[in-house]
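# This is the structure alone, sequence omitted:
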């Protein structure tokens, strides 16, 4: 980063983000994010960790997700409002910030609706690198909304998935997903049932949006040796997997206290054994141990993942030039003279 | 507000804020903020209340302060880094946001370094309206930094304070404060000791910045009937008043669980009786009961005050036009087609 004027905060708008992603290439961005995530999962223990701060309402939730590595502080604002799509709005929108721990001054503000989709896919594939069967080629995707294409491309780029089996309760979503992924090297089958979608899949990604205790996967649908990438069960009262699947699986989570509240394991006893993903990535605990093991990544999203994504984004600013500076921080010549700064500014308003 | 495009978020920069304040007039803004605060203190019980989410480091603290009235959600990002002034930075910088609870979509983003100084002064004088001796004319101000002029003008505008007695360990700060307030209808005396500053003052405002257990006021300095507006003791390990003063005072706070941790009363037992200011403003509990009562407003700042300030600011946007729209929210035509929006955007980058 070039030195910034202390009162200016680089801002990455939606338009900037789209330019960054398309210039670098979406698959390359996903691969880079996976690398940044892996670095931060390896130093997981040093981060400040706290469950997200949630404000619930009848229509959804607004959350703040802060963390810090001691040098840089980051937080994300994110909402989850499942009914938004009925009025043409996004279920999830987000923005985030990095700040300098030493001074408390913001370093970057960014849109994170797009960035969250990217980091979620990169986190999923990072987990699958350690948990999915070796040589996996086929992934079922149940739920073909906003996240689906990012998931598919991440799994192709990093794991070599080339066969996709799509299912959504809305045919249009599946067709949208297939059309968006056309020409990107996938063999794609749109299925007319969840049961057909999972046939022959080594990896099952569930990424549905309804806020309810749903049963997207029942026990008889899931054979031995499969890896389940469970994305959609991510807040209290919102799950996707039948409890019986959980009971015969090895379950991997991001941050246990948060996942107990928000993840699939909200269906289980408070002391049901789970492994935190960083322990696998750091090498403390094995990931997949054999071809018959059923593994689940019970993903709810955690602040450190947003931190990694913002850290990657900040490293792209100088090179791409895709940001603008916001006049966000009052910066009087004498730091004790905020009032004088405001009053003297009137002279420039002629 | 005119209807905004859903993907655009009105942003009030530092420059916009200075224009709004100088156009409306700083004293008028303080009076309006006091009104908005009073409205929200009267409906205090309906707000979501949570202690701020703090990330502490050796050099300071970064905090997120969220709240919601059920229709609108607000939060503030604020840092406190006492050593920042030694490198020409502000001790406190801040920004904040309002969002629509129904959709989770942001409604406004704003600088809050200036706005926080304004709302802090407006909150102080709102408390003093109910707690200071009737007919108070003289205020001592110990600590003459960024907050001081805003405090003075709020107390003049709403309470009729016309005599100021200033003291700061740094003479330059006191002279800066006096110069900034010249011609605004005050009789100002710069004092060479704290003891002289408090002579004859009905109200004592302590607003120093050092992060330590300081004793700005000792017991013998404070006579009967005085109101103490204690602003500076606002985080763990940072207080301004000797415990003996607290023991013979009636203490009024914003939100008890937070003030027990951060305020002057961190020096007292966990069950030492205090009154929450909203109870006084709503009329449930009397404020000042007589001319000999020693009252303390142990102010640490609470999220609802920022909410009130942001709510006032939002109501000024259309009238003043001082904001810009930020392209902050991804808004695909089909809300499930975030990926398609990103990919198709490349065609516009010729």
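On my side now, so go ahead. If you're wondering where the values come from, they're calculated on a predicted model, not measured in any experiment. Numbering: from 1, shown residues only, chains lettered A, B, ... in the order given.
# burial measure for the closest residue to residue A:182 other than its chain neighbours, as a count.
With sequence-adjacent residues excluded and distances taken as CB to CB, 6 or more residues apart in numbering or on different chains, residue A:182 is closest to residue A:188, at 7.8 Å. For the C-beta atoms, the positions are set from N, CA and C on the backbone; glycine is no exception. Counted by other CB atoms under 10 Å in any protein chain shown, the residues lying close to residue A:188 total 18.
# any idea of the mean pLDDT in the helix or strand residue A:188 falls within?
In the assignment (DSSP states H and E), residue A:188 maps to strand A:187-190. Averaged over strand A:187-190, pLDDT sits at 98.
# Would you mark the buried spots in the following helix or strand past it?
Downstream of strand A:187-190, the first helix or strand assigned by DSSP H and E is helix A:194-197. Neighbour-count burial for helix A:194-197, counted by 16 or more other CB atoms under 10 Å in any protein chain shown, picks out A:194, A:197.
# Starting from the helix or strand that helix A:194-197 is followed by, tell me which strands it pairs with and how they run.
Later in the chain than helix A:194-197, the nearest helix or strand by DSSP H and E is strand A:203-206. Strand A:203-206 pairs in its sheet with strand A:138-142 (parallel), strand A:227-230 (parallel), by DSSP bridges.
# Indicate which one of those strands is closest to residue B:311.
Closest to residue B:311 of the strands paired with strand A:203-206, according to CB to CB: strand A:227-230, at 39.8 Å.
# now what about the closest one, what contacts it?
With CB atoms under 8 Å, 6 or more residues apart in numbering or on different chains as the test, strand A:227-230 has contacts from A:124, A:127-128, A:131-133, A:136, A:151, A:202-206, A:217, A:222, A:240-241, A:245, A:249, A:263-264, A:288, A:294-299.
# Name only those of those residues that count as buried.
Buried among those by 16+ other CB under 10 Å: A:124, A:127-128, A:131-133, A:136, A:151, A:202-206, A:217, A:222, A:240-241, A:245, A:249, A:263-264, A:288, A:294-299.
# just for the stretch 1-150 of chain A, where's the confidence low?
For the stretch 1-150 of chain A, applying pLDDT under 70 flags the ranges A:1-4.
# Residue A:331 and chain B: what is the separation?
7 Å (CB to the nearest CB, to the nearest Å).
# Which members of the buried ones among the contacts of strand A:227-230 occur in strands, if any?
A:203-206, A:217, A:240-241, A:295-298 (DSSP state E).
# Report the contact partners of the closest residue to residue A:29 other than its chain neighbours.
Excluding the flanking residues, the one nearest residue A:29 by CB to CB, 6+ apart is residue A:21, at 5.5 Å. Contact analysis of residue A:21 by CB under 8 Å, 6+ apart lists A:29, A:114, A:118, B:342.
# Could you chop chain A up by domain?
A:8-114+A:304-348, A:132-301 (automatic domain parsing).
# on contacts alone, who are the packing partners of whichever strand or helix holds residue A:279?
Element membership of residue A:279 [criterion: DSSP H and E] is helix A:277-281. Applying 3 or more CB pairs under 8 Å, 6 or more residues apart in numbering or on different chains; DSSP states H and E, we find helix A:277-281 packed against helix A:26-42, helix A:113-131, strand A:250-253.
# Kindly recompute the last result at 6 Å.
The helices and strands touching helix A:277-281, judged by 3 or more CB pairs under 6 Å, 6 or more residues apart in numbering or on different chains; DSSP states H and E, are helix A:26-42.
# How far off centre is the helix it packs on?
12 Å (CA atoms, centre = their mean, to the nearest Å).
# Show me what counts as buried in it.
Those would be A:26, A:29-34, A:36-38, A:40-41, for helix A:26-42 by 16+ other CB under 10 Å.
# Just the closest of these to chain B, please.
The nearest member of these to chain B, counting by CB to the nearest CB, is residue A:26 at 7.2 Å.
# who's in contact with that closest one?
residue A:153 (CB atoms under 6 Å, 6 or more residues apart in numbering or on different chains).
# now the contacts of residue A:21 as TSV including distance to residue B:99?
Below are those laid out as TSV (distance: CB to CB, whole Å):
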residue	distance to residue B:99
A:29	28
A:114	19
A:118	23
B:342	24
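# ChimeraX command to pick out the buried ones of those residues?
A single ChimeraX command selects the buried members of the contacts of residue A:21 (16+ other CB under 10 Å):
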select /A:29,114,118 /B:342
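# of the contacts of residue A:21, closest to residue A:91?
residue A:114 (13.9 Å).
# quick one: the closest one and residue B:331 touch, right?
No: between residue A:114 and residue B:331 there is no contact under CB atoms under 6 Å: 11.1 Å.
# picking up where we left off before, tabulate the domains of chain A (JSON lines), appending distance to residue B:146.
Converted to JSON lines, the domains of chain A look like this (distance: least, CB to CB, whole Å):
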{"stretch": "domain A:8-114+A:304-348", "distance to residue B:146": "4"}
{"stretch": "domain A:132-301", "distance to residue B:146": "37"}
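# just so I have it, where are all the helices in the stretch 1-150 of chain A?
A:14-24, A:26-42, A:113-131, A:148-159 (DSSP state H, counting those that start in this stretch).
# Need these in CSV (columns: distance to residue B:304).
Formatted as CSV, those follow (distance: least, CB to CB, whole Å):
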stretch, distance to residue B:304
helix A:14-24, 31
helix A:26-42, 35
helix A:113-131, 28
helix A:148-159, 38
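# So which of those is nearest residue A:56?
Nearest of the helices of the stretch 1-150 of chain A to residue A:56, taken as CB to CB: helix A:113-131 at 19.3 Å.
# Say whether chain B is contacted by that closest one.
Yes: Helix A:113-131 lies within reach of chain B by CB under 6 Å from any CB of the partner chain, at A:113-114, A:117.
# Flag every residue of the stretch 101-250 of chain A that's near chain B.
Contact residues, the stretch 101-250 of chain A versus chain B (CB under 6 Å from any CB): A:101-104, A:111, A:113-114, A:117, A:145-146, A:149, A:173, A:176, A:180.
# which residues sit in contact with residue A:31?
residue A:157.
# can you tell me how far it sits from residue A:328?
32 Å (CB to CB, to the nearest Å).
# ok, the residue most central in space within chain A to residue A:177 distance?
What sits nearest the mean C-alpha location of chain A, by CA atoms, centre = their mean, is residue A:120, with 2.3 Å. Separation of residue A:120 from residue A:177 (CB to CB): 16 Å.
# what sits against residue A:85?
A:91, B:335.
# In the stretch 151-300 of chain A, where is pLDDT below threshold?
Where the stretch 151-300 of chain A drops to pLDDT under 70, the residues are A:209-213.
# Look at the residue of it found nearest chain B and give its secondary structure.
Closest contact between the stretch 151-300 of chain A and chain B, by CB to the nearest CB, is at residue A:180 (5.2 Å). Following DSSP: H, G, I helix; E, B strand; the rest coil, we place residue A:180 in the helix state.
# Contact partners for it?
Contacts for residue A:180 (CB under 6 Å, 6+ apart) come out as A:149, B:339-340.
# Reformat those residues as JSON lines; add distance to residue B:317.
Below are the contacts of residue A:180 laid out as JSON lines (distance: CB to CB, whole Å):
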{"residue": "A:149", "distance to residue B:317": "37"}
{"residue": "B:339", "distance to residue B:317": "34"}
{"residue": "B:340", "distance to residue B:317": "33"}
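# for those, which one is nearest residue B:6?
residue B:340 (17.6 Å).
# So that closest one, which state does it fall into?
helix.
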